[in-house]
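> Requesting a structural model of the entry that follows:
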Amino acid sequence: MKPLIIHDARIPENAVASLKNYGESLPFMTDGVTCEAIAGHPDIFFCPIDNKLIVAPNVPESYICKISDICSCEIIKGATPVGCKKEDSTCYNAVVTDEWIIHHASYCDPVILRHKGDREFLQVPQPYTRCSLLPLKNRRFVTSDHGIEKVLHKKGLSCLYVDPRHILLPGFPYGFFGGCAGIYRDKVFFSGSLQSHPQKDHIVEYLNVSGYDVIELHAGHLFDVGTIFFIEPY
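Numbering: from 1, shown residues only. Alright, predicted model coming up:
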């Protein structure tokens, strides 16, 4: 069975058409919950961990029903409603790998921490962690945040830094690298084209060496859409 793909409802139609080749598209958007720029960003409202999906308690119920209809993953409501301030718009923006939960402890929703299992919590200074960090297999990462890069290198992990100033996010000077991408199996999907980024060759080479093919969903600049989540049906 193909995965459920949760993505910002504002991505271009041709990007949605491309995604539908890989799974079932679920366009996501909220109204009056947080600032408009991130109102449809899945990584602000959802945190996948194992076969669970931790969701903000103010995610519209219609989305919970749609996810439940398609996936058999356990849906768990978090403790913190998403809002406009940093402290309530970063609670679910953690990066979860087999070994770590990477986030800023002061901002991480307590429900995520209760389900971390044997994972080590890796503290980073950037609470918009998932926006800023793309976790790859084999303990490799790409980030657009120097603070995260420093922590990962200190841990002895491979990490490529990508300048975020070439990533669009309306309402802000620029977006984040993790937010313009999504991973499914051995493919990294980008909202936009890497051709718009001056580090394109280094990015493609690093992803290829890490075992991934690159899928560009549409032409033009890289666009921060709050991560594209691929949720396995189980």
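
> Spell out the secondary structure type for residue 151.
helix (DSSP: H, G, I helix; E, B strand; the rest coil).

> Identify the residues contacting it.
By CB atoms under 8 Å, 6 or more residues apart in numbering, residue 151 lies in contact with 122-125. For every residue, glycine as well, the C-beta is placed using N, CA and C.

> cool, residue 142 as well?
Counted by CB under 8 Å, 6+ apart, residue 142 has contacts 133-134, 136, 159-162, 177-178, 203, 206-207.

> From residue 215, how far out is it?
Distance, residue 142 to residue 215, using CB to CB, to the nearest Å: 15 Å.

> now the helices for this protein?
Under the criterion DSSP state H, the chain contains helices at 13-19, 42-45, 61-70, 86-89, 110-114, 129-132, 146-154, 200-209.

> most packed of the ones you listed?
helix 42-45 (a mean of 29; mean count of other CB atoms under 10 Å).

> Could you list every helix and strand that that helix packs against?
strand 4-8 (3 or more CB pairs under 8 Å, 6 or more residues apart in numbering; DSSP states H and E).

> What pairs with the strand it packs on, parallel or antiparallel?
Strand pairing for strand 4-8, using DSSP bridges, gives strand 24-28 (parallel), strand 229-231 (antiparallel).

> Those: which one's closest to residue 194?
Taking CB to CB, strand 229-231 is the member of those nearest to residue 194, at 19.3 Å.

> And the closest one, what's buried?
Using 16 or more other CB atoms under 10 Å as the burial criterion, the residues of strand 229-231 that qualify are 229-231.

> do the same with stretch 77-94
Residues 78, 80, 82, 88-94 are the ones in stretch 77-94 that count as buried (16+ other CB under 10 Å).

> again, but for stretch 193-201
Going by 16+ other CB under 10 Å, stretch 193-201 has these buried residues: 193-194, 196-197, 199-200.

> about what we covered before: relative to residue 74, which of the contacts of residue 151 is nearest.
Once CB to CB is applied, the member of those that ends up nearest residue 74 is residue 122, at 24.2 Å.

> Give me the pLDDT for that closest one.
On pLDDT, residue 122 comes in at 98.
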